[in-house]
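> give me coordinates for this.
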Amino acid sequence: MRDADAPLLAAWQAFRASGATPFTIPGHKRRGAALSATLGEVLSSDVPLFGGLAPVKHAVRLLSDAERLGAELWSADWCRYSTGGSTHVNQVAALAVGRPGDTVLVARTAHRSTLSGLILAGLRPVWLPTDVDERFGLPSGLSVPALEAALDAHPDAAAVFLVEPSYVGTLSALPQVIEAVHRRELPVVVDQAWGAHLGFAPAYPPHAIAAGADVMIASAHKTLPSYSQAALIAARTERVSAARLDRAFDVGATTSPAGSILASIDAARAVLASPTGRDLLERLVALVARARDRLRAVGLVVPGPEDFAAGRFDPAKLVLILDDADGLAVERDLIAAGLPVEQADRDTLVPIVTMLDDESTLDRLVGEVAESVGRNRSARDRVPSAVWTAAIPPSAMTPREAFFARHEVAPAAEAVGRTSAELIAPYPPGIPLLAPGEVITAAAVEALQAAAAGGTRIAYARDPSLNSFEVVIE
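Numbering: from 1, shown residues only. Presented below is the predicted three-dimensional model:
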């Protein structure tokens, strides 16, 4: 890829090379090194959109031109680049497809950012359960019959929200799922946060727009060479208004976007559009397949595309299931070796592998995992993660109603049977086991406590010990 292939990246480089002395924000004026060499290093790449990538009066035009290239790449009518991560653009989708009080069908594998979007938009979620593959204890996707039953039960639904791929790389039969929704003339929003790379090499499933989705969210920073917080949203506008999408985007977007983040999104887009990107993605498939084979040889269960129907698993995803080793001990060994992984609990490790990994990084990871597993054998039964298997609690009110209701804190035993005022999620992957407005059940409390005992970080709970819960005063 050439810098010139990405106009925002080229503008970033031109500003850096200009030697300009800016009298615009940000306040560090690119002179942070005068205070601290370390601070200077942190700030050295920070270039704003306005007054950095382009003069203040011309910056919107430059950004719009770059976003049109994104729309072309993803075969969309509309595209915006976000510096607020997929959290921001999931909220955009919720604000764009419904009005306060509307019912929407939402895959229960939705990230907490979708929940925050439901609160902001005042939407009423009906949760769609995800099937679980009994071989691996992992989600296998949403079934078309379950979706159609939910659509029949809620003919007033305004939209359907899906998460494809899941955090562990599995996908529903997405074209068939979308077709079932479109028969009802409803829009489909796909949170493709973990699949920004899909659709750009033959071995991969198609990206969501190619599969028929109306709105696609992608976290560029998760699997592409982009800054943290880099994300995008693309849409086809037959069922979703472009004007409404623009209003929804702008209401939650910063008015001082980081040009460096935007330039990195543009660069990632240019990589995907290039032969280099395709070559790197094809190499990635081969690297991960080889890693799977080596890890299976030391006794790990490592699901891959061959274990699922065509197009139902991301071939770049590496998920390690430990039947007879302590995943938390393995994680400690990996951290000590300078190889931190994205997610680890007693039974599962999920290292994130991307197109910028190569044989050296994968060989080192596989070697360290194999050695650590050998040192940390422990005979036991594998327990499927509560994230995927926990029952969905009943709803007593909408997330928005619970957010604005009066709250109090109750001990765990007394909280059972009351309405949750908080969202609590094992993180990663950030999927709620308890959402605002849901009735706190004994099963939900047990599932959260089991996840915590298994070494999973429990996020967003007011009381991380789970000895008490924030509940609605009714």
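
> and stretch 51-59, how far apart are its ends?
Its first and final residues considered, stretch 51-59 spans 8 Å by C-alpha to C-alpha, to the nearest Å.

> where in the protein is the helix or strand with the lowest mean pLDDT?
Least confident helix or strand, the chain: helix 386-389 with a mean of 74, by mean pLDDT, DSSP states H and E.

> after that helix, which helix or strand is next?
Later in the chain than helix 386-389, the nearest helix or strand by DSSP states H and E is helix 399-404.

> parallel or antiparallel, list what pairs with the following helix or strand past that following helix.
Heading C-terminal from helix 399-404, the first helix or strand you meet, by DSSP H and E, is strand 407-411. Applying DSSP bridges, strand 407-411 is found paired with strand 468-472 (antiparallel).

> return the set of buried residues in the partner strand.
468-472 (16 or more other C-beta atoms under 10 Å). For every residue, glycine as well, the C-beta is placed using N, CA and C.

> ok, now stretch 297-311?
In stretch 297-311, counting by 16+ other C-beta under 10 Å, buried: 300-305, 307-308, 311.

> run through who's touching that stretch.
Applying C-beta atoms under 8 Å, 6 or more residues apart in numbering, the contact partners of stretch 297-311 are 133, 135-136, 138, 140, 168-171, 173-174, 203, 205-206, 289, 292, 295-296, 312-315, 318-324, 369-370, 373-374.

> from these, which would you call buried?
Looks like these have 133, 136, 138, 140, 168-171, 173-174, 205-206, 289, 292, 295, 312-315, 318-322, 369, 373 buried, using 16+ other C-beta under 10 Å.

> now, these that are in helices?
174, 289, 292, 295, 369, 373 (DSSP state H).

> low pLDDT regions in the stretch 251-400 of the chain?
Scanning the stretch 251-400 of the chain for pLDDT under 70 picks out 379-384.

> closest to residue 41 out of the buried residues of strand 468-472?
residue 470 (40.8 Å; C-beta to C-beta).

> isn't the closest one right up against residue 411?
No - counting by C-beta atoms under 8 Å, residue 470 does not reach residue 411; the two are 11.7 Å apart.

> quick one: the helices in the stretch 51-200 of the chain, in order.
59-73, 85-97, 112-121, 144-153, 174-182 (DSSP state H, counting those that start in this stretch).

> mean pLDDT and distance to residue 352 for the ones you listed - can I get that in TSV?
Formatted as TSV, those follow (pLDDT from 0 to 100; distance: least, C-beta to C-beta, whole Å):
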stretch	mean pLDDT	distance to residue 352
helix 59-73	98	23
helix 85-97	98	15
helix 112-121	95	18
helix 144-153	98	29
helix 174-182	98	22
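
> looking at the ones in helices among the buried ones among the contacts of stretch 297-311, spot the one nearest residue 391.
residue 174 (25.1 Å).

> just checking, the closest one touches residue 205?
Yes - with contact defined as C-beta under 8 Å, residue 174 counts as touching residue 205 (7.3 Å).

> can you give me the helices in the stretch 251-400 of the chain?
Going by DSSP H, counting those that start in this stretch, the stretch 251-400 of the chain shows helices at 259-272, 275-297, 327-336, 359-375, 386-389, 399-404.

> pick the most buried one from these.
Mean neighbour count, computed with mean count of other C-beta atoms under 10 Å, is highest for helix 259-272 among the helices of the stretch 251-400 of the chain, reaching a mean of 27.

> helices and strands around that one, which ones?
helix 7-18, helix 59-73, strand 78-82, helix 220-223, strand 231-235 (3 or more C-beta pairs under 8 Å, 6 or more residues apart in numbering; DSSP states H and E).

> hmm, try it at 7 Å
helix 7-18, helix 59-73 (3 or more C-beta pairs under 7 Å, 6 or more residues apart in numbering; DSSP states H and E).

> centre of the chain to the longest one, how far?
When you say that, I think you mean helix 59-73. Offset of helix 59-73 from its chain centre (C-alpha atoms, centre = their mean, to the nearest Å): 23 Å.

> many thanks, we can stop here.
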